[in-house]
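Undergrad: pasting the sequence and the predicted coordinates here, then a few questions.
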Amino acid sequence: MYRTLAAAMLGGLIFCGPALAQDAETNASPNPPAISSGGAASKTSAAPVAGKNSFTEEQATHRLADHGYAGIGALTKDDQGVWHGAATKDGKHVNVSVDYQGNIAEQ
């Protein structure tokens with residue numbers, strides 16, 4: 001009984017080993033999945049990415065503030081679903097955008 005069980009486990013390891021050794025596939029999509037508004041990174045791809053934006057203006061403002069922007073003015077959402085506005089960072093006045101993924105871009 002133990003030999004049968006041991007043989008079955010060894011067989012399973014032999015057949016599963018190659019699958020476990022493979023690299024994870026990367027997401028080659030031009031529109032990577034959305035991220036939460038609380039993520040640590042300000043960019044997940046080349047920003048801004050067009051797409052339906054579920055962020056409110058307040059959430060987009062908080063996203064900017066969380067990434068070091070101050071003096072954030074009113075934001076407006078364009079027909080591509082990207083929030084645009086002006087802010088300051090490191091003492092410089094910049095135009096910023098926040099896309100549906102939470103990516104922040106300076107123009």
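TA: Received the coordinates, thanks.

Undergrad: and the nearest residue to residue 84 once chain neighbours are set aside, bridged to which residues?
TA: Spatial nearest neighbour of residue 84, excluding adjacent residues (CB to CB, 6 or more residues apart in numbering): residue 97 at 5.0 Å. Yep, even glycine has a C-beta here, placed from its N, CA and C like the rest. For residue 97, the beta-bridge partners are residue 84, residue 105 (DSSP bridges).

Undergrad: pLDDT below threshold where in the protein?
TA: By pLDDT under 70, the low-scoring segments of the chain are 1-2, 4-47, 49-51, 53.

Undergrad: and the strands in it?
TA: 76-77, 83-89, 92-98, 104-106 (DSSP state E).

Undergrad: please enumerate the helices of the chain.
TA: 2-21, 57-66 (DSSP state H).

Undergrad: what separation do you get for residue 74 and residue 3?
TA: In this view, residue 74 and residue 3 are 74 Å apart by CB to CB, to the nearest Å.

Undergrad: cool, and residue 61?
TA: Residue 61 is 66 Å from residue 3, by CB to CB.

Undergrad: which of those two has more neighbours?
TA: For residue 61 versus residue 3, neighbours defined as other CB atoms under 10 Å are more numerous around residue 61 (20 against 7).

Undergrad: that one touches residue 70, doesn't it?
TA: No: counting by CB atoms under 8 Å, residue 61 stays clear of residue 70, with 11.0 Å between them.

Undergrad: great, nothing more from me.
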